[in-house]
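In: here is the input, now give the coordinates:
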Amino acid sequence: MSIPLLSGLILASAFGAAAAAPRHCYGEGKDQTCALSFGDLWGSREQYAGRRIEISGHLVRGFGQLVLYSGKDYFLYQKAVGGIAVQMDQTTLEAALAEMRPILGEGDWKDEALCPITVQGIYSDQPFGDFATLGTVTIASGPRMLPFVGSCADLQPRLPQGLDK
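Out: All right, here's what the predicted structure looks like:
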């Protein structure tokens with residue numbers, strides 16, 4: 001194989017790889033969505049910047065904003081690190097807050113979703129506010145409060161130790 005032909009193949013494959021969707025994406029064009037885990041974002045945030053993503057986790061409200069964490073335990077031990085800020089309009093925010101319950105004894109953290117939820121929106125890999133977030137998801141229609149198998153929607157908020165007597 002000649003050198004010009006070989007270099008042309010390398011360039012063509014490089015451009016094709018840059019235009020291809022990340023492996024977690026489905027759909028086409030404006031309807032393309034990338035279903036991600038937090039591990040996917042930790043490993044390659046910039047790859048998903050500007051794309052529509054779908055990600056599940058534990059949603060909390062505090063310090064005037066919503067933040068999605070990979071799970072409740074991660075939130076309890078990390079708080080301001082490793083979450084994804086969630087932005088939405090006021091009507092959507094009010095609907096989301098109606099599905100949340102107060103967090104007792106957690107300082108400036110006010111509310112949490114009882115069930116893991118799925119958020120879908122446009123992802124920015126830029127940190128948000130004073131938190132060391134993985135970026136921001138801006139949503140148009142609100143988080144989907146979809147309980148996973150074995151609904152947790154009927155669970156009561158936990159009481160901090162010592163207050164349940």
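
In: tell me what the longest strand along the chain is packed against?
Out: What stands out as the longest strand in the chain, according to DSSP state E, is strand 52-62. Strand 52-62 makes packing contacts with strand 33-36, helix 38-48, strand 65-69, helix 72-78, strand 84-87, strand 109-113, strand 117-124 when contacts are defined by 3 or more Cβ pairs under 8 Å, 6 or more residues apart in numbering; DSSP states H and E. Yep, even glycine has a C-beta here, placed from its N, CA and C like the rest.

In: ok, that strand: who's next to it in the sheet?
Out: strand 33-36 (parallel), strand 65-69 (antiparallel), strand 109-113 (antiparallel), strand 117-124 (antiparallel) (DSSP bridges).

In: next SSE after the last one?
Out: In other words, strand 117-124. Sequence order places strand 136-138 as the next helix or strand after strand 117-124, per DSSP states H and E.

In: which positions within that following strand qualify as buried?
Out: Thr136, Val137 (16 or more other Cβ atoms under 10 Å).

In: ok, and which of the strands paired with strand 52-62 has the densest surroundings?
Out: strand 65-69 (a mean of 23; mean count of other Cβ atoms under 10 Å).

In: ok and that one relative to helix 38-48, angle-wise?
Out: Relative orientation of strand 65-69 and helix 38-48, computed by axes from the mean of the first three to the mean of the last three Cα atoms, to 10 degrees: 120 degrees.

In: could the helices and strands packed on strand 52-62 go into CSV alongside mean pLDDT and distance to Ala98?
Out: Formatted as CSV, the helices and strands packed on strand 52-62 follow (pLDDT from 0 to 100; distance: least, Cβ to Cβ, whole Å):
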stretch, mean pLDDT, distance to Ala98
strand 33-36, 91, 25
helix 38-48, 87, 26
strand 65-69, 89, 13
helix 72-78, 87, 20
strand 84-87, 90, 15
strand 109-113, 88, 10
strand 117-124, 89, 13
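
In: can you put these in TSV and add distance to Cys25?
Out: Converted to TSV, the helices and strands packed on strand 52-62 look like this (distance: least, Cβ to Cβ, whole Å):
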stretch	distance to Cys25
strand 33-36	4
helix 38-48	9
strand 65-69	19
helix 72-78	25
strand 84-87	18
strand 109-113	26
strand 117-124	12
